[in-house]
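[1] below are the sequence and a predicted model for it; my questions follow.
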Number of protein chains: 2
Amino acid sequence: MDKKALFIILDGLGDNPIKELGNKTPLEAANKKNIDKLCRESECGIVDVVGPGLVPGSDTGHLSLLGYEIKKYYIGRGVFEALGSDIRLEEGDIAFRINFATVDDNLIIRDRRIGRNDYGLEEIIREFNEKIEKIEKEYGIKIIIKKGVEHRGVMVIKGLESEKVIENDEHKDNVKVKEIEPLDSKSKITADVLNKIIKEFHEFSEKHRINKERREKNLPKINYILIRGSSKYKKLDEKELFQNRFNCKALFLANPPMYLGVAKYVGIDTYRPLGSNGTANENIFTYYESAIAKKSKYDIIFIHLKGTDSLSHDKKPIEKMKFINRVDEELIKRIKDEFDVIAITGDHTTSSILGRHTSDPVPIMIYSENARKGFVKNFSERKCVKGTLGRIRGLDVIKIVLDKIDKYIMAGT
Amino acid sequence: MDKKALFIILDGLGDNPIKELGNKTPLEAANKKNIDKLCRESECGIVDVVGPGLVPGSDTGHLSLLGYEIKKYYIGRGVFEALGSDIRLEEGDIAFRINFATVDDNLIIRDRRIGRNDYGLEEIIREFNEKIEKIEKEYGIKIIIKKGVEHRGVMVIKGLESEKVIENDEHKDNVKVKEIEPLDSKSKITADVLNKIIKEFHEFSEKHRINKERREKNLPKINYILIRGSSKYKKLDEKELFQNRFNCKALFLANPPMYLGVAKYVGIDTYRPLGSNGTANENIFTYYESAIAKKSKYDIIFIHLKGTDSLSHDKKPIEKMKFINRVDEELIKRIKDEFDVIAITGDHTTSSILGRHTSDPVPIMIYSENARKGFVKNFSERKCVKGTLGRIRGLDVIKIVLDKIDKYIMAGT
């Protein structure tokens, strides 16, 4: 029978030693007996996901782990968000991530994230769509704005030539908003359109009844749009799609749009497990169930879990450790009998001291029946250095994993 | 006195842990005290011969170990087989590997390898050459067919433009033979010529007296030619030849034509040791003797031994281990006093569980007087991970070895 692989990506898995954890990393401190047991039968190593000394974004980290060179295939985050939000893109569409934000009367940004509370946001967006029609007609374009999780959203514009603009999200509060500016002559019209959308949204939402309700609830206003991740959609050639590039059928299980979007971009089937939420309170077991339910149709299934990363950004190493404990119990415990090959790694290190991604390599373990299992007894950033895989690059991981289910790439004869 | 290096390539050396060997690899299980003793004075590491996650062929694996980028220098296997069979090639000649095979009356392939028994084959080929003349005249070309080991052979055609055809060897029995098909307009005539040769050979050999004799001996008929490894010869520039590229004189000792062919292609002298046979029953000692006899004229001598690979393809890990034992005794025992630098590695891993090449890295050890010897006490796939070389690329190996005999490449000043 054909072999099956499971590839688990724990977002932001790598970390630093933490004082409160006895100078262990969250992964080292975790009570993860199932992972460690599997680890002893695995090949272990550390991975430079996009390259030594380079800090991976979640998008470039995932592209690399899927085997796609970021120099060639990274086209910006907006497109990934849009694809993952089930917006149908056509070649040339331009896409942006957006934040709904709060500005004061002087257009000073008071909260980039509307208090991470999306009360009434859906309603504002729905009603704003009527205003958008006017802009669409004026420029002969099509604009799609779609809400994401919390304050997040995505905007796609069809019919404009260039996405190359200076964006207006500076990633900080208490600064005055800036106009979108063109980066070249072709993007002048794009900047005009974006500034018009933002202005219209500000005027429209400022006096919206939802904002009265939000004030009553002590929530910051929803009255501004911040834009970033500008990108233009380019379809991959048929032969570049994952299935053809690696001669193998893959499924990607995740919740947040961006991750599903990266997978879609390279032609991998995607599925959002029922009951999942992409947060630190994730229902991890639903990923296990989805993987089992779907595996007959695929050669390899990816599982992406976001919790490890979110908790690191929030500087909660102990919670991160507990999330790993749950992964061990709810996902790994039963998995060994179900797949021939099981890889566990991260898309990057997220330091829960610094609260940001770092370039530190991430640990990897690849279980297979015939593995050159080594001397690593515990899966961790530091122990895996001694594994039989050594230090490898993110781009090579998928080829190594697929060889173990006989979907290998032969050089020569 | 100038330093001398010996570079030993044990074909398909790497392997997986094997249950019957106490979960050791054949190399780990081998009783190889001479290799291990040398190992303790060596720099050790693991090698991705063509690249991490990529499965090397024997041809690409060797090109890489000789320091030649496969993207630029790999031109297909036929040329290597032809060069190694002492056929003098000129730029533009096209070459193929051929199998002599057995088909039934309905042109179903019954044995791709004429029972691996070449009784009478030489005679058939010799007499078939007269038939070939007719085709040569018709197309104004020159055709050379030469027997190799067992059912194998090589065919070179001079005077055709393109080698780009769909070959007729599907690597399996019990399928109907297919016509050779052109892949572009230029190769139409090539396909015609090949189909004519194959048809002529079938008609001629079918009723040949040798096949009567073979039937009496219960051997399958020799009545068909299968073609693969199409390639077109391109001469390397003078400055690309090994001697000029690395400023050093090299000799390659091997038996099977392909390996000698790769060496010849890059301008390395070749020698087939007297009494060698390129099989698992190799006379290993003759390689030792040849290396000693020839070393005064060369800076580096390569020894290629095929047995490790053949036994892995046949899924005989215990025999593979015994072959390594013999290498230890017949080749390594006396070698240390003869060379200043001794490298031992493989061209790829061949799993004796899967019976195929895999992408798993191969171990390497490089002995030299001033080596940064490390903590590796036994030469093996897993122990070498801890060596002072770490995980390196096949392409870099030769440069590392040559530096140790002072034939180094200086970058800058």
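    Looks like it came in fine. Numbering: from 1, shown residues only, chains lettered A, B, ... in the order given.
[2] report the separation between whichever residue of the stretch 151-300 of chain A sits closest to chain B and A:I268.
    With Cβ to the nearest Cβ, the shortest gap between the stretch 151-300 of chain A and chain B falls at A:F246, namely 10.4 Å. Where C-beta positions appear, they are placed from N, C-alpha and C, glycine not excepted. Computed as Cβ to Cβ, to the nearest Å, the A:F246 to A:I268 distance reads 10 Å.
[3] ok, A:P52 next?
    A:P52 is 27 Å from A:I268, by Cβ to Cβ.
[4] of those two, which one has the most company?
    A side-by-side neighbour count of A:P52 and A:I268, using other Cβ atoms under 10 Å in any protein chain shown, places A:I268 first with 21 against 11.
[5] surely that one is in contact with A:F252?
    Yes. Contact criterion Cβ atoms under 8 Å: A:I268 and A:F252 qualify, at 4.9 Å.
[6] quick one: average confidence on stretch A:275-294?
    Average pLDDT, stretch A:275-294: 96.
[7] against A:I400, how distant is the residue in the stretch 51-200 of chain A that chain B sits nearest to?
    Relative to chain B, the nearest point of the stretch 51-200 of chain A is A:G67 (8.7 Å; Cβ to the nearest Cβ). According to Cβ to Cβ, A:G67 stands 10 Å off from A:I400.
[8] do the same with A:N174
    47 Å.
[9] those two: which is more packed in?
    Taking neighbours as other Cβ under 10 Å, A:N174 and A:I400 compare with A:I400 leading, 25 against 10.
[10] how many residues are close by the nearest residue to the more buried one once chain neighbours are set aside?
    Nearest residue to A:I400, sequence neighbours excluded (Cβ to Cβ, 6 or more residues apart in numbering or on different chains): B:G53, at 4.3 Å. B:G53 has 23 neighbours, counted by other Cβ under 10 Å.
[11] now swap in A:K316 and tell me
    17.
[12] ok, now A:E170?
    Neighbourhood size, A:E170 [other Cβ under 10 Å]: 14.
[13] that one touches A:K178, doesn't it?
    Yes. Using Cβ under 8 Å, A:E170 makes contact with A:K178 at a distance of 7.4 Å.
[14] can you tell me the helix or strand for the residue nearest in space to the middle of chain A?
    Taking Cα atoms, centre = their mean, the centroid of chain A lies closest to A:Y259, which sits 4.0 Å from it. Assigning secondary structure by DSSP states H and E places A:Y259 in helix A:257-265.
[15] mind giving me the packing neighbours of that helix?
    Where contact means 3 or more Cβ pairs under 8 Å, 6 or more residues apart in numbering or on different chains; DSSP states H and E, helix A:257-265 is packed against helix A:58-65, helix A:77-84, strand A:250-253, strand A:269-271.
[16] and the second one with helix A:58-65, angle?
    Angle between the axes of helix A:77-84 and helix A:58-65 is 80 degrees (criterion: axes from the mean of the first three to the mean of the last three Cα atoms, to 10 degrees).
[17] which SSE is the closest residue to A:R215 other than its chain neighbours in?
    Of all residues not flanking A:R215 in the chain, A:K221 sits nearest, at 7.4 Å (Cβ to Cβ, 6+ apart). A:K221 belongs to no helix or strand when elements are defined using DSSP H and E.
[18] contact partners for A:K221?
    Each residue near A:K221 by Cβ atoms under 8 Å, 6 or more residues apart in numbering or on different chains is listed here: A:T102, A:V103, A:I114, A:S205, A:E206, A:N211, A:R214, A:R215.
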